[in-house]
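A.B. asks: test case, fold it:
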Amino acid sequence: MRANLIPLVLALTVAVTLSAHAGPPAPPLVKFGGAIGVDPLTAAGGVDVLNIVRGISPGGRAWVQRKLRATVGTDGHIDVQGAGLLLASGEGIATRATITHVAATLACGPANSTATLFTSPPGALDLAGDFHITGALSQDGVNPAVMPPTCDNPVLLIRSYNPTTNTAGAWFAAGIPNRDDD
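C.D. replies: Numbering: from 1, shown residues only. The predicted structure follows:
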């Protein structure tokens, strides 16, 4: 009987120790509530051009994102819950197509390709287009990012992610920033 208790006591000790060292979560740097699906084309001077945002190209078809909630802490930890990320056109309408994983990229800074980009680890995208992403943002894909004290002109893009090459691709949806008075 005592031999069976040793693993249980050890597991409880580890859990209590880890929770004691975790501390309170960092204050939020930026939050997002709701999303806008991508339209791959946008008008510029009366001509349709690719809807490139912060230097990132769009997916090749229109996508919708039914729900999205995201918080980025001042420590660079991100937590994103998404529902209903699906194609909005073509023969694959209302499916995730061949996309199995997504990542989130936070852009802070000027509304152009010089914004600073921070990308999350991937999250699995299920057949209903639902996903959960959590972890440390990174600028190089390896090391946790050091976040700026503020995130001016924040944009959160939900992007395809290739788990074979470990790279984020085109964007499919953008988070809507929460304002202080929301």
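A.B. asks: leaving out chain neighbours, which residue sits closest to the residue positioned nearest the centre of the chain?
C.D. replies: Centroid-nearest residue in the chain: residue 104, 2.3 Å away (criterion: CA atoms, centre = their mean). Excluding the flanking residues, the one nearest residue 104 by CB to CB, 6 or more residues apart in numbering is residue 120, at 4.4 Å. C-betas here are computed from N, CA, C, even on glycine.
A.B. asks: residues near that neighbour, how many?
C.D. replies: For residue 120, the neighbour count with other CB atoms under 10 Å is 29.
A.B. asks: over to residue 138?
C.D. replies: 16.
A.B. asks: residue contacts, it?
C.D. replies: Applying CB atoms under 8 Å, 6 or more residues apart in numbering to residue 138 gives the contacts 118, 119, 120, 121, 144, 145.
A.B. asks: and the strands in the chain?
C.D. replies: Ranges of strands within the chain are 28-37, 41-44, 47-50, 63-73, 77-87, 101-108, 116-119, 123-124, 131-136, 155-162, 167-177, based on DSSP state E.
A.B. asks: so for residue 95, which of those strands sits nearest?
C.D. replies: Proximity to residue 95, assessed across these by CB to CB, is greatest for strand 77-87 (5.8 Å).
A.B. asks: what's across from residue 160 in the sheet?
C.D. replies: Beta-bridge partners for residue 160, by DSSP bridges, are residue 102.
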